[in-house]
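Student: Just to be clear, the model below is a prediction. Sequence and coordinates:
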Amino acid sequence: MSILQLKWLYGKMKNLPLSTLMPAPNATSRFSDRVENYVLYRPGYPLEALQALRTECSLAPNHAIADIASGTGIWTRTMLENGNPVFGVEPNAGMREAGERLLAAFPRFTSVAGTAEETTLASQSIDFVTAAQAAHWFDRKRSRREFVRILRPGGWLALLWNERLTDTTPFLRDYEQLLLTYGTDYKEVRHERTTDAVNEFFDPVPYQERTFEMRQEFDYEGVEGRLLSSSYAPGPDHPQHGPMLTELRRVFNAHAVSGRAIFEYKTRLYFGRLRESA
């Protein structure tokens with residue numbers, strides 16, 4: 001299981017400023033009020049994903065990486081630990097500030113206020129563009145054009161995300177139903193939409209796919225934090241917030257084993273070289 005260690009994160013989080021903004025449909029601002037839960041309860045990514053980039057794309061520590069929508073730096077940290085210089089491009093101020101604090105010990109990390117469509121990075125300055133748990137927010141045509149601009153000739157694009165399994169256990173089936181019932185726009189932002197259209201980022205060049213298994217195990221506090229880290233979970237001022245948490249407690253009590261519940265994921269990795277469209 002690949003997740004950030006909570007003991008380490010609690011120490012890093014205690015001085016983070018937290019926004020009081022409400023969630024917004026805008027992809028740039030909708031995580032502003034859930035930074036802390038995002039840092040503490042979002043899953044990481046299997047090390048097999050990094051190994052695949054090393055093996056299949058010859059990723060080496062000297063390669064410059066632009067991690068797009070880097071957020072609080074969960075995937076960014078993996079690449080920094082590989083020795084790479086990483087430009088974390090993040091449009092949301094709260095998420096960017098959290099990433100800057102959590103990654104302050106890495107001298108090869110550069111925080112950038114930018115978007116997938118306008119990174120502000122120099123042309124042909126990057127060897128790998130990556131995006132973790134974020135590609136579904138991008139304007140595909142505009143971001144692809146921007147990635148081609150900043151990549152050096154022969155550069156790589158790697159997209160990855162954790163796809164939460166929805167029907168492998170009674171807990172996951174009931175959790176999925178909870179999201180369908182209470183999520184503000186859950187159906188519209190599910191990752192299946194990006195999976196079905198991932199070729200739009202790579203065409204006309206072929207790409208490859210790899211999948212890995214991963215899981216998280218939580219007590220009730222962790223399950224609640226995991227839910228509230230999601231952009232589609234209604235916030236404290238929403239009328240559905242209370243009923244949603246009541247149902248979450250019921251689901252947890254019905255299915256937890258020894259006070260723990262398990263989230264299962266399929267991590268999807270897509271990678272390929274980019275060049276100008278014909």
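Tutor: On my side now, so go ahead. Residues are numbered from 1 along each chain as shown.
Student: Helices of this structure, start to end?
Tutor: Per DSSP state H, the chain carries helices over the ranges 6-13, 35-41, 47-57, 74-81, 93-102, 140-150, 170-182, 186-189, 192-196, 199-202, 220-228, 241-255.
Student: could I get those as JSON lines with distance to Phe263, mean neighbour count and mean pLDDT?
Tutor: From N, CA and C alone the C-beta is placed, and that goes for glycine too. Converted to JSON lines, the helices of the chain look like this (distance: least, C-beta to C-beta, whole Å; neighbours: other C-beta atoms under 10 Å; pLDDT from 0 to 100):
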{"stretch": "helix 6-13", "distance to Phe263": "15", "mean neighbour count": "13", "mean pLDDT": "38"}
{"stretch": "helix 35-41", "distance to Phe263": "10", "mean neighbour count": "22", "mean pLDDT": "86"}
{"stretch": "helix 47-57", "distance to Phe263": "18", "mean neighbour count": "17", "mean pLDDT": "98"}
{"stretch": "helix 74-81", "distance to Phe263": "15", "mean neighbour count": "23", "mean pLDDT": "97"}
{"stretch": "helix 93-102", "distance to Phe263": "21", "mean neighbour count": "20", "mean pLDDT": "94"}
{"stretch": "helix 140-150", "distance to Phe263": "28", "mean neighbour count": "19", "mean pLDDT": "96"}
{"stretch": "helix 170-182", "distance to Phe263": "7", "mean neighbour count": "16", "mean pLDDT": "97"}
{"stretch": "helix 186-189", "distance to Phe263": "16", "mean neighbour count": "14", "mean pLDDT": "80"}
{"stretch": "helix 192-196", "distance to Phe263": "17", "mean neighbour count": "14", "mean pLDDT": "63"}
{"stretch": "helix 199-202", "distance to Phe263": "27", "mean neighbour count": "17", "mean pLDDT": "90"}
{"stretch": "helix 220-228", "distance to Phe263": "7", "mean neighbour count": "19", "mean pLDDT": "96"}
{"stretch": "helix 241-255", "distance to Phe263": "12", "mean neighbour count": "15", "mean pLDDT": "98"}
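Student: Count the neighbours of the nearest residue to Ser143 once chain neighbours are set aside for me.
Tutor: Leaving out its chain neighbours, the residue that sits closest to Ser143 by C-beta to C-beta, 6 or more residues apart in numbering is Ala116, at 3.9 Å. If you count neighbours by other C-beta atoms under 10 Å, Ala116 ends up with 24.
Student: Show the pLDDT at Ala116.
Tutor: pLDDT for Ala116: 97.
Student: what sits against it?
Tutor: By C-beta atoms under 8 Å, 6 or more residues apart in numbering, the contact list for Ala116 reads 68-69, 89, 131, 134, 137-139, 142-143, 146-147.
Student: Which one of the residues you listed is nearest to Leu179?
Tutor: Trp137 (18.0 Å; C-beta to C-beta).
Student: sorry, back to before: as TSV, the helices of the chain with distance to Gln208 would be great.
Tutor: Shown next, in TSV, are the helices of the chain (distance: least, C-beta to C-beta, whole Å):
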stretch	distance to Gln208
helix 6-13	33
helix 35-41	29
helix 47-57	7
helix 74-81	18
helix 93-102	28
helix 140-150	17
helix 170-182	28
helix 186-189	25
helix 192-196	14
helix 199-202	10
helix 220-228	30
helix 241-255	36
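Student: For Thr120, find the nearest of these.
Tutor: Nearest of the helices of the chain (C-beta to C-beta): helix 140-150, 9.4 Å.
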